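Engineer: Here's a sequence, model it:
(2 chains)
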Amino acid sequence: GDSVTQMEGPVTLSEEAFLTINCTYTATGYPSLFWYVQYPGEGLQLLLKATKADDKGSNKGFEATYRKETTSFHLEKGSVQVSDSAVYFCALSDLTGGFKTIFGAGTRLFVKA
Amino acid sequence: EPEVTQTPSHQVTQMGQEVILRCVPISNHLYFYWYRQILGQKVEFLVSFYNNEISEKSEIFDDQFSVERPDGSNFTLKIRSTKLEDSAMYFCASSRKRASYEQYFGPGTRLTVT
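Structural biologist: Residues are numbered from 1 along each chain as shown, chains lettered A, B, ... in the order given. A predicted model of the protein is given here:
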C-alpha cells in the first residue's frame, strides 16, 4: 500500500540555518503531496502542497518540489526562525488509495536562538 | 477564515465508558474524516464520510467506533466502550473535494482513558 517515509528527528538548528527534511513516498497511483505542520499544543496546518511532477509548493519561506523520478518531496527553508519550531509531517493522498491522507511519522524541529 | 472546530479539547474518561467527540466541519465541505495520533506517533486515518455514509475505514475503526452527522453541521465520533489504548489525540478534518485536495484539520480532542 501507499506509504510515506521521512527523516527521523529531532532536528536541532540554530536560527538562520538552512533546513532540509527528507521525505520519500510509495504510491500505486499518482498522488498529491503535502507538508503539514503541528505547532506545540495545536492541530495540523497545511504548510504547502504539490499535485503533479515538478510542481513546487511554497509557503512562509518553505519549499518542496514534487520529484517523481526519485519519489521525493523534501522540505527546505533557507533561514529558519525560532518560531519554526514544530513537528513537520509529510503526507500524500492518492485517488486510487481512496479518501484518506497517509502521513509520515513526523520530524520534530527545534530552532535555537 | 473558516475553520474546523472540535469539542471538547480534552476528555478524560474511565475504561469501558462511552465517549462522543464532536466536530463542526467547514460549512461548504462535503467530505469528513477522523484521524488519531497516539502520543509521539504518526497520524493515522480512521474513517472518511461522504453523503451520509462511510466511504472508507481503516482496520483501527472496529465495531466499537461509529460516526454520525446528526444534523447539517456536526460530525461526531463515538467510541462505545473505551479502552486504555484509545488514549490519543483525535483530529477531525474536512475537504471540499476528494482527498487529492487538502484537508482542513481541527485542533484535536485529547482523549485520556484511565
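Engineer: what's the neighbour count on residue B:108?
Structural biologist: A count of nearby residues for residue B:108, using other C-beta atoms under 10 Å in any protein chain shown, gives 25. All C-beta atoms are positioned from the backbone trio N, CA, C, and that covers glycine.
Engineer: Apologies, that question was intended for residue B:40.
Structural biologist: Residue B:40 has 9 nearby residues by other C-beta under 10 Å.
Engineer: Next, the contact list for it, please.
Structural biologist: Not one residue lies near residue B:40 by C-beta atoms under 8 Å, 6 or more residues apart in numbering or on different chains.
Engineer: before we move on, what SS does it have?
Structural biologist: Under DSSP: H, G, I helix; E, B strand; the rest coil, residue B:40 falls in the coil class.
Engineer: for the chain, what are the low-confidence residue spans?
Structural biologist: Let's take chain A. Residue ranges of chain A with pLDDT under 70: A:95-99.
Engineer: Oops, wrong one, chain B.
Structural biologist: B:98-101.
Engineer: which residue is nearest the centroid of chain B?
Structural biologist: residue B:34 (3.2 Å; C-alpha atoms, centre = their mean).
Engineer: Please name the nearest non-neighbouring residue to that residue.
Structural biologist: Once flanking residues are discounted, residue B:34 sits nearest to residue B:46: 4.3 Å by C-beta to C-beta, 6 or more residues apart in numbering or on different chains.
Engineer: Where does that neighbour sit, in terms of helix or strand?
Structural biologist: If you go by DSSP states H and E, residue B:46 is part of strand B:43-50.
Engineer: next SSE after that strand?
Structural biologist: Next element after strand B:43-50 (DSSP H and E): strand B:53-57.
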